[in-house]
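>>> Any chance you can model this:
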Amino acid sequence: MSAVIQLVKVHPNDNVAVATQPLVPGTVINTENLTVEEAIPAGHKVALTSVDKGQVIVKYGFEIGEATENIRQGEHVHSHNLKTKLNGTETYSYHPVSASQGPQLPRQQFFGYRRENGKVGIRNEIWIINTVGCVNRAAERIADECSRRFTGECDGFRAFTHPFGCSQLGDDLDDTRTILSSLASHPNAGAVLIIGLGCENNQLASMLPQVDKPEHRVKFYNAQEVENEIEEGVSAVLQLLTVIAGDKREPIDASELVLGMKCGGSDAFSGITANPTVGRVTDLMCQLGGSVILTETPEMFGAEQLLMNRAKNENVFQEFNHLITAFKDYFIAHNQPIYENPSPGNKAGGLTTLEEKSLGAVQKGGQSTIQSISGIKINATNRQE
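Numbering: from 1, shown residues only. Modelled structure (predicted):
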């Protein structure tokens with residue numbers, strides 16, 4: 001039987017390691033030639049060497065903060081003796097590195113749905129999207145009722161509820177409208193039902209022109225203008241089912257796949273297990289010529305320079321620079337610290353600083369070249385070159 005690995009040292013230059021299980025004082029770690037000095041919860045960091053106050057703590061091969069007191073080898077390293085070094089905006093420089101995701105793979109195909117606008121879906125669902133949070137419950141009830149009545153008629157009925165659309169103005173309203181119309185345009189939705197209330201700021205008349213779908217694939221109404229908004233919605237979905245019934249899967253090149261990344265609820269193990277695995281998927285997708293969207297800009301703070309160095313050219317680097325700086329400026333303008341991202345759950349799971357969380361989070365991006373920077377409305381067409 002192989003020995004249980006009690007500590008994981010992520011990078012050879014690290015001066016901390018992650019406990020894979022709870023460790024009690026006196027535990028001897030022969031691989032690191034140390035004795036655990038105090039109780040270490042699973043997922044938390046152990047000092048591999050002595051670290052003086054003010055010296056940096058290194059994980060993933062990069063700084064994740066500095067010691068706030070002297071730390072002895074074998075001691076617990078966390079919020080009580082480690083603090084972030086992030087403060088305000090920074091000056092970035094472009095030091096391009098070669099992408100190492102591997103050679104381009106032979107052409108591969110999958111069976112998907114080719115939409116009229118050229119986009120490709122992997123599912124054929126009907127989505128219920130509401131213009132305003134006031135009709136969230138109606139959207140959910142319609143999706144539930146359709147799932148009950150029309151089981152097996154399509155790949156699924158999904159309601160995308162939210163609290164927005166009312167009492168919004170300016171950019172705030174524009175962003176909500178852009179996000180919802182982009183969602184309605186998603187190729188995994190063979191058809192969409194859009195429900196308004198009637199009195200909201202995000203009016204149907206303003207949102208519908210932004211939806212990139214043929215008219216016969218979109219139904220809509222205001223709940224205030226019909227007698228029974230649930231039955232009205234179910235009836236509309238039934239009509240949409242006849243539209244998507246003719247949709248057929250066809251062979252499509254894997255280069256047209258677009259994969260989106262999302263937070264998985266980070267702890268210390270995310271950055272050494274799940275996220276690097278997802279990063280391998282990212283690199284595989286890019287080797288096939290596909291696209292991967294890496295999100296959560298504030299969770300790049302502390303790891304942004306690493307990503308910037310993978311920009312395909314100076315222009316993409318500058319766009320990335322602007323994106324990061326704009327987010328930081330937003331925090332600062334509202335008198336909020338840029339480094340208070342780690343949640344209580346993150347910290348309970350062993351993450352201490354935003355640098356540490358970010359370095360683990362960006363593992364989802366693999367090692368591939370960053371082709372472009374997008375805003376809220378994403379059109380992932382800038383593939384590997």
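>>> For whatever helix or strand C286 lives in, list every residue counted as buried.
Following DSSP states H and E, the helix or strand that holds C286 is helix 274-287. Residues of helix 274-287 classed as buried by neighbour count (16 or more other C-beta atoms under 10 Å): 274-275, 278-279, 282-287. To be clear about C-beta, it is placed using only N, CA and C from the backbone, and glycine gets the same treatment.
>>> quick one: average pLDDT of that helix?
Average pLDDT, helix 274-287: 94.
>>> which strands and helices sit next to that helix?
Other elements packing on helix 274-287 under the criterion 3 or more C-beta pairs under 8 Å, 6 or more residues apart in numbering; DSSP states H and E are strand 258-260, strand 291-293.
>>> can I get the ones you listed in JSON lines with mean pLDDT?
Compiled in JSON lines, those are given as follows (pLDDT from 0 to 100):
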{"stretch": "strand 258-260", "mean pLDDT": "92"}
{"stretch": "strand 291-293", "mean pLDDT": "93"}
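>>> Buried deepest among those, which one?
When you average the neighbours per residue for each of the helices and strands packed on helix 274-287 (mean count of other C-beta atoms under 10 Å), strand 291-293 leads with a mean of 20.
>>> Next SSE downstream of that strand?
Past strand 291-293, further along toward the C-terminus, the next helix or strand under DSSP H and E is helix 304-308.
>>> Which residue ranges make up each domain of this structure?
With automatic domain parsing as the criterion, the domains of the chain are listed as 7-83, 125-246, 254-365.
>>> Tabulate those (a markdown table), appending distance to K119.
Supplementary listing: those in a markdown table, determined by distance: least, C-beta to C-beta, whole Å:
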| stretch | distance to K119 |
| --- | --- |
| domain 7-83 | 36 |
| domain 125-246 | 4 |
| domain 254-365 | 8 |
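>>> Mean pLDDT lowest where, among those domains?
Within the domains of the chain, the stretch with the lowest mean pLDDT is domain 254-365, showing a mean of 92.
>>> quick one on the thing from earlier: which stretch among the domains of the chain approaches F110 most closely?
domain 254-365 (5.9 Å; C-beta to C-beta).
>>> How far does that closest one stretch from one end to the other?
18 Å (C-alpha to C-alpha, to the nearest Å).
>>> related to what we said a few turns ago, I'd like to know which of the domains of the chain is closest to S374.
domain 254-365 (7.4 Å).
>>> Show me how far that closest one is from its chain's centre.
With C-alpha atoms, centre = their mean, to the nearest Å as the basis, the distance from the averaged C-alpha position of domain 254-365 to the chain average is 8 Å.
>>> Now the two most distant members of the buried residues of helix 274-287.
By the measure C-beta to C-beta, the buried residues of helix 274-287 have their two most distant members at A274 and Q287, which lie 20.5 Å apart.
>>> thinking again about what came up before, quick one: which of the domains of the chain is nearest Y92?
With C-beta to C-beta as the measure, domain 254-365 is the member of the domains of the chain nearest Y92 (5.2 Å).
>>> that older thread, out of the domains of the chain, which is closest to S93?
domain 254-365 (8.2 Å).
>>> out of the buried residues of helix 274-287, who's nearest Q318?
Minimum separation from Q318 among the buried residues of helix 274-287 (C-beta to C-beta) is found for C286, which lies at 22.0 Å.
>>> Contacts for the helix holding C286, please.
Counting by C-beta atoms under 8 Å, 6 or more residues apart in numbering, helix 274-287 makes contact with 99, 101-105, 254, 257, 259, 261, 264, 291-292, 294, 360-361, 363-369, 384, all of which sit outside it.
>>> just to revisit the earlier point, ok, which of the helices and strands packed on helix 274-287 comes nearest E75?
Taking C-beta to C-beta as the criterion, E75 comes closest to strand 291-293 out of those, the separation being 38.8 Å.
>>> how about a markdown table for the buried residues of helix 274-287, with distance to T49 added?
Written out in a markdown table, the entries for those read as follows (distance: C-beta to C-beta, whole Å):
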| residue | distance to T49 |
| --- | --- |
| A274 | 28 |
| N275 | 26 |
| V278 | 31 |
| G279 | 28 |
| T282 | 33 |
| D283 | 33 |
| L284 | 37 |
| M285 | 38 |
| C286 | 37 |
| Q287 | 38 |
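>>> Out of those residues, flag the one nearest to G65.
Distance ranking of the buried residues of helix 274-287 against G65, using C-beta to C-beta, places N275 first at 19.5 Å.
>>> roughly how far apart are the residue nearest to the closest one when sequence neighbours are not counted and V281?
Taking C-beta to C-beta, 6 or more residues apart in numbering, and ignoring the residues beside it in sequence, N275 has Q363 as its nearest neighbour in space, at 3.7 Å. Remark: distance between Q363 and V281 (C-beta to C-beta, to the nearest Å) = 11 Å.
>>> Nearest to E116, out of the domains of the chain?
Closest approach to E116 among the domains of the chain (C-beta to C-beta): domain 125-246, 5.3 Å.
>>> quick one, strands of the stretch 1-150 of the chain?
Secondary structure of the stretch 1-150 of the chain (DSSP state E, counting those that start in this stretch): strands located at 7-8, 16-19, 28-29, 34-35, 45-47, 56-59, 62-67, 76-77, 82-83, 109-114, 120-121, 125-130.
>>> And the ones you listed: which comes nearest A189?
Ranking the strands of the stretch 1-150 of the chain by their distance to A189 (criterion: C-beta to C-beta) puts strand 125-130 first, at 4.2 Å.
>>> Tell me the strands beside the closest one, with direction?
If you go by DSSP bridges, strand 125-130 pairs up with strand 157-160 (parallel), strand 189-196 (parallel).
>>> Can you add mean neighbour count and distance to S79 and give these back as CSV?
Converted to CSV, those look like this (neighbours: other C-beta atoms under 10 Å; distance: least, C-beta to C-beta, whole Å):
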stretch, mean neighbour count, distance to S79
strand 157-160, 21, 36
strand 189-196, 26, 43
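>>> Using a markdown table, please lay out those together with distance to N130.
Below are the strands paired with strand 125-130 laid out as a markdown table (distance: least, C-beta to C-beta, whole Å):
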| stretch | distance to N130 |
| --- | --- |
| strand 157-160 | 8 |
| strand 189-196 | 5 |
